[in-house]
Every structure is written in C-alpha cells, then in structure tokens.
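[1] can't give you the sequence, but here's the structure:
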C-alpha cells in the first residue's frame, strides 16, 4: 500500500458518506445496545427503506456518543441534531423530520456543558465512524500516522516525539511513556513484544471498553507504531472476556487491517512487519498488573512476580516487552500526526494531554467524557456531570477504583492530574469516577472496596492475602454495629502493613479507600462505633449491643 | 501432530469438541494455549467438566494440577453446570451504590438462591459480576447474556418470573 492508495480509500469513503443528504448515526456501543439501540437502528433502516430514501439517507451504527444515561442516542448529520432516549416507535418521526425542524420531544441539546466542556483526542472518532469499517477510520486520517512513522521517521525519531509529548501511562501509575519505549528499544533481544493492556478490571471504569468498541483501529495503529519504535514484530491485546463486543470488534478490526496490508508483512512497502493477536482474560483483577498479565498470556495463573527485572527487560517468554494501556496507545497516532509539541501544549505542567473518564454514580449525566488534564473536579461533576441526582448533596468522588481513594467536598476545586490526586491520597487510576451523595455510607464503601481486593487477591504474598481479610473483618464489624473504639487504630496499623509489605500494586494500593475514608470521614466511622448509627442509613446496624 | 488420535476419538464422540481441538491446533498445542482452550471448552459446554480438564491437560502435555489451578484461579471459569437461564447481577461500584445488593436480597427472598447457586429444578442460576462496564446504566443485570440497565428489585423479580414461567 502506498500513501496515495491509502488516501484514495479515505477519499472514496468520504465521498460516499457525503453523497447522502442525511446520515443517521445510531450509537451501537454496549451502553446503548443494552437499551435496544440495535432494534432502533433496524427500525430506522426499515423506515428509510419503506419511504424509498435509501439513496438519500444513510443509517449507520457508530461508537459511543458519550451520554450513556440518555441512551439510546441517535445523531443526525450534517445538521448536528442529537436525540436521546429514542425508541423503536420514534423511527418514523425521526425520518419524517429529516431536513426540517427536529423532533422536539427527543431533542438533546449538544450545546450543554456536557458536550462543550470536553476536548476530544482519544475519542475524536467516537460517535462519528462505524467501528467495524476500516475505510471510515482511514477517511478520518486513520493509518496516516503509521505511514509517517514508517516512511518518514526512524524509530528514534518516533520515540523522541512521544517523549516530547509528555504522554504518561493511562493505566494508572502515570509512568512516562517515552521513557518506557526507550528502555524497551535499548534492551537487546531478537524477539520483542508489544502488549496492549485491555484488562480493565476496575469496577466503575469503562473507558477502555468504549475505545475498543468505538474506534478499535486507533489502538491497532498505536500498537504498530510502538512496535516499529521499539523493534517488536508481535503484539498481543489482552482483553477481558467480560467484554464480548469489544473482543468481536477488535478481532474484526485486525482482520480488516490485515486484508489491506496495514498489519502483517511489509507494511507500506517497508521491511517492517507487525502481527497482532487477541488474548482473552478470564476475570482476574490482578491480571491488570503487568507481570501477572504476562503470566496470564503465557497460559498460567495470574500471579505477579517481584520487579525488577521489569517487563521492559524480561517480559513475555523472557523477551523485552512493552506494555501499555489501551488509552495510551490510542493517544499515539494523533501525537505522531500532529507532533509531540502539540500534545505537550495541552494539560498541566506535568500531566499532558487529555484524560478519558467514565463518569458514573449519583450524578445526572453519566457516561464517557474526555477533558484536558487539569480540569477541576467541580467542573467534571457539576458542569460536565450536570450535578448530583435528585438535587441531593455531594459527598465524595471516588477515583482510581479499588486502588484509589474517596475525595471529599473540600478538594472539589483541585485540578485533575497525577500529582494533585496523589497528594490527597488517591490516584488517577484508569479513569473511573464514581460520584457519591449523602445516601452513600463511606464505611460501607470502604468495606466494598476491601472486599473486592480480598476476593481478587491472588494469594501469593501473605500481607495481601491475609491482611485484606483482617481489614474486611474489622470493617464488617463496624458496619454491623459491633465496632470498638480501638478499631480505628487497628485499621490504620493493618493498612500500613499491607501497603508497605505487599508484593504488587494490588496489595500496596488496596488500603487506599480505607485510609482516605478514615482520613476525611472520621465522623462517620465514629458514628458507627460510638453511637451505633449509620448516618447514611445504608448499614444494617445490630442494635442489641447498644441496649446492653 | 500431537494427540491426533485422541482428538479424533473426541471429535467422533461429540461435535462440540471440534471447536476445542481447533483452538489447540491454532496455538500449536503450546502450553500458552491453555486459557484460550478453557474458554473454548466453556463456550462449547457451558462449564468445565473434570473430564474436559483431563483431556485438555493431556492434549497440551500439562499436569492436571496446573490445568485445575488455572481453571479455579480465574473467576470467569465455572466448574459447575449452569442452569437453563442465568441472571448476573453486577456488583461494580456504580451498581453497588445504586443498590444492587438489595436486588440480591430480593432474589434470595423470592427464589431462595444466593450468588453462585442454581435453583433445584436447574432452571435459574444466579451469579454476580465485578463490573461489566455498563456503569452509565447502573444498576445493571444480565439475563441470558442480554444486559438490562437501570434495574430495581421489582423489575429484576419481574424478569426472573418471566424466565421461570416461560417454559411451563
């Protein structure tokens, strides 16, 4: 394939799309599919067929339109009309209204802060292109970055751009991506691997799933560029088996890219070859940890091992291995296309670019959002998120899943970046944000997360395997009304031990939700222990103790 | 090729083994094919039977203890046959704070089964999940593979009643 051929595919596709007077985009990502958007799409197609408008009107499935809570979402282009909560019975009205005023009862304004406050880099194609069509991805300058990298840059030049961009790992820890790539490229080895971590196990996070479901080629392109930069010819995508749609779409994408010669041998007539294989996870949170992930790809139990040596030196089957998260790879093509300096101009001093968040919990607008690093929590919850449901009061926002912490109201004006979050005892994590209001009991939330870590602990090291159980028992006692005044000190001691002596990230970060809730919501712990009441009314307090 | 005879025998026994054998062949019967193969077995049979584990161990030249270790390590694999219908209640963070644990209580009260159990007549299995990524629609419940969002104790029980009575 030459650049002319690539651009031809893009141009033909663009012309084909623009040949239609109206294009109806129906969201077919998992969120909307579960509110029957598949049937809505069928109904719209049928309606268009019934009126004989097939050559004028195109109905197509697209990736996530963002506002999952208002699904199924339908967008009408080029008039930029957005509909929410569309039912099968609305199909004829939508087709009827084409070209005229929109169907007012379904209107969803796209001028609200939820849409206007976002800045999209990773999600730029979400909701615009059909995720199963490689031609549509190419028509949005897809695979041009791969061409630029292979034909116009040398591997060092690619890594230079990534380093210059200041991109940091989006999986949670925020390790500088350029540095990781440099290490892998400098390590000697005949065979090297690129692994995409799509084992998004954090409860409350669905960014990676949405990216894979909405724009799978972007991830493949990012991986191929990484392969060229570090000298790897094989790639693995480790996806959760719980995401069947994402698995299907990424497999389709690989097959289409191979057919066009954008993966496989001699890509863009160079000597570079790159193959990608999908590997299914099997429901183990610990496999998000890179050494456990490697063990799982090798077909073994997902037990982590001590680092160093890091996978960059000793990874898959003993070879140097580059492991990055889905969102990290998705950032690569735009960086190569527009240059590292462009990316470095977005975000804060130390956290560059944008971050995709999965906004969920007791907030009005739940869904998938992307905002520049440094956006404040208040902007995310109250502007983009539209405030708390039912006019209740904000209590806390949980970031980073079971490894993160609960951030109280006093930090709402804090900027969202790696350093600020670490300062208040939480982490960026992969980007799950759960908003809690006064009906959530913080002790119960801490118990929920430690229970999660307890059952997900792989059992290899004692502090994590035993420590999480002990923490859970104390928290259970407190939520049942049997807590003792000495329990807080006991919890702190246990947390300190688990945090400092566990083998891998799962154990080391598991006490974060407990420590942060003790720190910021001590009054709730006291209410449970001393007054035997749950202020939020969530816990079933055992009142016999009190009357004694 | 390894194990061709055994494969042939299995294939004659039950056509569902074809998928399993194909998976192992695709990976050249290497040890790293284990998890992919177990996925294939579970897809074909609904669960991992001990006989299947033995067969896979033999075909991939792995000790049975290792195969059993992997099968029990990962939550996605089940060694118990599932009921005719399945109901998976999501216990991810968003679903949890939206009250999914109350749904489990309601199901226990009405049908008398806890997570991991199947009704005595084998009609319904109740399972829990650690986030299915449908947090925007919390609380979410999956009935026979189809995700239903914004559920409540009432709507969960309605769906379950429909599943249970459907075949009568």
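    Thanks, I have the structure now. What you are looking at is a predicted structure, and each value in this text was computed from that prediction instead of being measured.

[2] pull the contacting residues for the closest residue in space to residue B:69 that isn't next to it in sequence.
    Spatial nearest neighbour of residue B:69, chain neighbours left out: residue A:301 (5.7 Å); criterion: CB to CB, 6 or more residues apart in numbering or on different chains. C-betas here are computed from N, CA, C, even on glycine. The contact partners of residue A:301, by CB atoms under 8 Å, 6 or more residues apart in numbering or on different chains, come to A:295, A:458, B:69, B:70, B:73, B:74.

[3] from these, which would you call buried?
    Among those, those classed as buried by 16 or more other CB atoms under 10 Å in any protein chain shown are A:295, A:458, B:70, B:73, B:74.

[4] dihedrals phi and psi, the second one?
    Looking back up the chat, that one is residue A:458. Backbone torsions of residue A:458, given as degrees, to the nearest 10, read phi -80, psi -20.

[5] measure residue B:73 to residue A:525 for me?
    34 Å (CB to CB, to the nearest Å).

[6] before we move on, what about residue A:244?
    Distance from residue A:244 to residue A:525, by CB to CB: 41 Å.

[7] and for the residue of chain B found nearest chain A, the neighbour number?
    Here chain B gets closest to chain A at one residue, residue B:136, 2.7 Å apart by CB to the nearest CB. By the criterion of other CB atoms under 10 Å in any protein chain shown, residue B:136 has 30 neighbours.

[8] before we move on, back to that, so which of the contacts of residue A:301 are in helices?
    Using DSSP state H, the members of the contacts of residue A:301 that fall within helices are A:295, B:69, B:70, B:73.

[9] farthest pair in these?
    Within these, two members stand farthest from each other by CB to CB: A:295 and B:69, at 11.7 Å.

[10] residue A:244 and residue A:525: who's more crowded?
    residue A:525 (20 against 13).

[11] residues in contact with that one?
    Residue A:525 neighbours (CB under 8 Å, 6+ apart): A:443, A:478, A:483, A:488, A:517, A:518.

[12] go on, residue B:149?
    A:31, A:34, A:35, A:71, B:134, B:136, B:137, B:138, B:140.

[13] can you check residue B:37 too?
    Contacts for residue B:37 (CB under 8 Å, 6+ apart) come out as B:20, B:23, B:24, B:27, B:56, B:60.

[14] top of those residues by number of neighbours, please.
    Neighbour tally across the contacts of residue B:37 (other CB under 10 Å): the maximum, 26 neighbours, falls on residue B:20.

[15] pLDDT at the nearest residue to that residue once chain neighbours are set aside, what is it?
    The shortest distance from residue B:20 to any non-neighbouring residue, by CB to CB, 6+ apart, is to residue B:40 (4.7 Å). With respect to pLDDT, residue B:40 scores 95.

[16] secondary structure element holding residue B:40?
    Using DSSP states H and E, residue B:40 sits within helix B:34-45.

[17] the closest residue to chain B within the stretch 301-450 of chain A in helix, strand or coil?
    At 3.6 Å from chain B, residue A:360 is the closest residue in the stretch 301-450 of chain A, using CB to the nearest CB. For residue A:360, the secondary structure call by DSSP: H, G, I helix; E, B strand; the rest coil comes out as strand.

[18] repeat that for residue A:25.
    strand.

[19] and for residue A:300?
    What three-state DSSP gives for residue A:300 is coil.

[20] returning to what we had before: wait, doesn't the residue nearest to residue B:20 sit right on residue B:23?
    Yes: under the criterion of CB atoms under 8 Å, residue B:40 makes contact with residue B:23 at 4.1 Å.

[21] counting neighbours, what do you get for residue A:214?
    Applying other CB under 10 Å, we find 29 residues neighbouring residue A:214.

[22] show me the contacts for the residue nearest to it when sequence neighbours are not counted.
    Here the nearest residue to residue A:214 in space, its sequence neighbours aside, is residue A:63; by CB to CB, 6+ apart that works out to 2.2 Å. Contacts for residue A:63 (CB under 8 Å, 6+ apart) come out as A:27-29, A:125-129, A:131, A:210, A:213-215.

[23] dump the contacts of residue B:37 into CSV; add pLDDT and secondary structure as well.
    Putting the contacts of residue B:37 into CSV (pLDDT from 0 to 100; DSSP: H, G, I helix; E, B strand; the rest coil) gives the following:
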residue, pLDDT, secondary structure
B:20, 93, helix
B:23, 94, helix
B:24, 95, helix
B:27, 93, coil
B:56, 96, helix
B:60, 96, coil
